[in-house]
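>>> structural data only, the sequence is not supplied:
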């Protein structure tokens with residue numbers, strides 16, 4: 001049964017995405033055209049638009065660049081961290097442990113993203 005999956009999609013991504021998935025011809029179309037575009041549209045603010053509220057979960061997949069930027073913005077803002085913390089040796093070591101190619105944005109990128117998210121939340 002797909003009942004739980006439908007509830008999850010509706011809670012996290014909203015009714016519109018669920019309806020688009022219902023109209024798709026097959027799972028490949030849903031994943032390739034709808035889900036992929038929704039999750040990775042390149043917008044930093046998209047990462048903050050999860051519709052539902054619930055238990056925090058952790059994923060085993062590596063973040064995309066956009067997801068990394070969004071998580072760092074969220075962390076910096078919530079915990080009042082300076083933008084320069086992304087250049088800290090300890091921070092870099094923790095983030096890159098086991099995956100040295102992991103993308104970490106510059107302090108100026110974090111600053112720009114914080115301003116963008118602030119501006120978008122004021123609209």
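Yep, that arrived. Keep in mind the model is a prediction, meaning the values are calculated, not measured.
>>> by residue count, what's the longest helix in this structure?
Secondary structure of the chain read by DSSP state H shows that its longest helix is helix 107-122.
>>> in that helix, which residues are buried?
109-114, 117 (16 or more other CB atoms under 10 Å). Quick note: C-beta positions are derived from backbone N, CA and C, even for glycine.
>>> how far away from the center of its chain is it?
Distance, stretch centre to chain centre, for helix 107-122: 15 Å (CA atoms, centre = their mean, to the nearest Å).
>>> same deal with stretch 5-24?
For stretch 5-24, the distance to the chain centre is 18 Å (CA atoms, centre = their mean).
>>> now do the end-to-end distance for it.
16 Å (CA to CA, to the nearest Å).
>>> go through it and flag the buried ones.
Neighbour count says stretch 5-24 has 9-10, 13-14, 17-18, 20-21 buried, by 16+ other CB under 10 Å.
>>> give me the subset of those residues lying in strands.
With DSSP state E as the criterion, strands contain none of the buried residues of stretch 5-24.
>>> can I get those in TSV including pLDDT and distance to residue 30?
Below are the buried residues of stretch 5-24 laid out as TSV (pLDDT from 0 to 100; distance: CB to CB, whole Å):
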residue	pLDDT	distance to residue 30
9	73	10
10	74	14
13	67	12
14	73	15
17	75	9
18	77	10
20	80	8
21	80	5
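>>> out of the residues you listed, who's nearest residue 94?
residue 13 (30.0 Å; CB to CB).
>>> C-terminal to the lowest-mean-pLDDT helix or strand in the chain, what's the next element?
Least confident helix or strand, the chain: helix 36-39 with a mean of 61, by mean pLDDT, DSSP states H and E. Remark: after helix 36-39, the chain's next helix or strand is helix 65-78, criterion DSSP states H and E.
>>> please find the angle between the direction vectors of whatever helix or strand comes next after that following helix and helix 65-78.
Sequence-wise, the next helix or strand downstream of helix 65-78 (DSSP H and E) is helix 89-96. Per axes from the mean of the first three to the mean of the last three CA atoms, to 10 degrees, the angle that helix 89-96 makes with helix 65-78 is 140 degrees.
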